[in-house]
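[1] starting from these lines, generate the structure:
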Amino acid sequence: MERFEDWVRFVFDHPVHEPEWYRDADSEIERWGVDPALTVGWMTQLFRQPSSLAPFSREQVGQGLWFLLGDGSPGGFGRLIYDPAVELEVRLACIRETPSFFAKYVAVQCTRPVPIYRARDSDDLELICFMWWDLWPQHEPGPDSETVDSAVCDALMAIATLPSVACVESALHGLGHRHARDAQRTQKIISSLLRQAKDWPIELMQYAEAALRGTVQ
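    Predicted structure coming up:
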């Protein structure tokens, strides 16, 4: 069995350039993605231990997260959270660790005092953290999709209460995109967040209002 440390290097230890390294690494990606349950377990450990990213540059981490989570990722990892071939508790554990990752890594690395929505100078790390819940997990109907959706909403609520504009914006973005599937629940969450908001910049308040209407992009 491969080691977690080797998987981390596989995902993040690459030069940053265009096209990205993973656009032409099909055989290597296939080798590392052969066991979906193991991949979900590694992602869980990464979210639990963001210190494992310390050896890599900000740009490398941004590129690696785009590989893991992006909707165009050759690995297709965004679909694993709804994959019934992976034990439900393994998938739920992964989702439940995301608030920890946002608190320990995203809030520390993405410190812009205002939202990045429509910003022209955002980098790949800021963008993937903003797009996180738009891209991953990708909803797919299944026998336990409601349970997974519920766990995702719980994670979004937890992330949105962190004292970080980047974390709140990411969560609101995800809630806004889930509005079409569950308007009642997402509106309830966002309304609760707005009642508790104290120090949000006006731009974040406006973005929350858009998420409440389900009109975020």
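[2] what sits against residue 140?
    With contact taken as Cβ atoms under 8 Å, 6 or more residues apart in numbering, residue 140 is in contact with 79, 82. From N, CA and C alone the C-beta is placed, and that goes for glycine too.
[3] where does it land in three-state SS?
    Three-state call for residue 140 (DSSP: H, G, I helix; E, B strand; the rest coil): coil.
[4] how close does it get to residue 169?
    Relative to residue 169, residue 140 is positioned 25 Å away (Cβ to Cβ, to the nearest Å).
[5] contact partners of the longest helix along the chain?
    When the chain is parsed with DSSP state H, its longest helix is helix 145-160. The list of residues contacting helix 145-160 from outside it, by Cβ under 8 Å, 6+ apart, reads 81-82, 88, 91-92, 95-96, 98-99, 102-103, 133, 137, 139, 142, 167-168, 170-172, 174-175, 178, 181-182, 185-186, 189, 192-193.
[6] go ahead and produce CSV holding the CA coordinates of that helix.
    Only the C-alpha atoms of helix 145-160 are listed here, as CSV (Å, rounded to 0.1, in the frame of the first residue of the first chain):
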residue,chain,number,x,y,z
SER,A,145,-27.2,11.4,-1.1
GLU,A,146,-29.5,13.1,1.4
THR,A,147,-27.3,12.0,4.2
VAL,A,148,-24.2,13.3,2.4
ASP,A,149,-26.0,16.6,1.5
SER,A,150,-26.9,17.0,5.2
ALA,A,151,-23.3,16.5,6.2
VAL,A,152,-22.2,19.1,3.6
CYS,A,153,-24.7,21.6,4.9
ASP,A,154,-23.4,21.1,8.5
ALA,A,155,-19.8,21.6,7.3
LEU,A,156,-20.8,24.8,5.5
MET,A,157,-22.5,26.1,8.6
ALA,A,158,-19.4,25.5,10.6
ILE,A,159,-17.1,27.1,8.1
ALA,A,160,-19.4,30.1,7.8
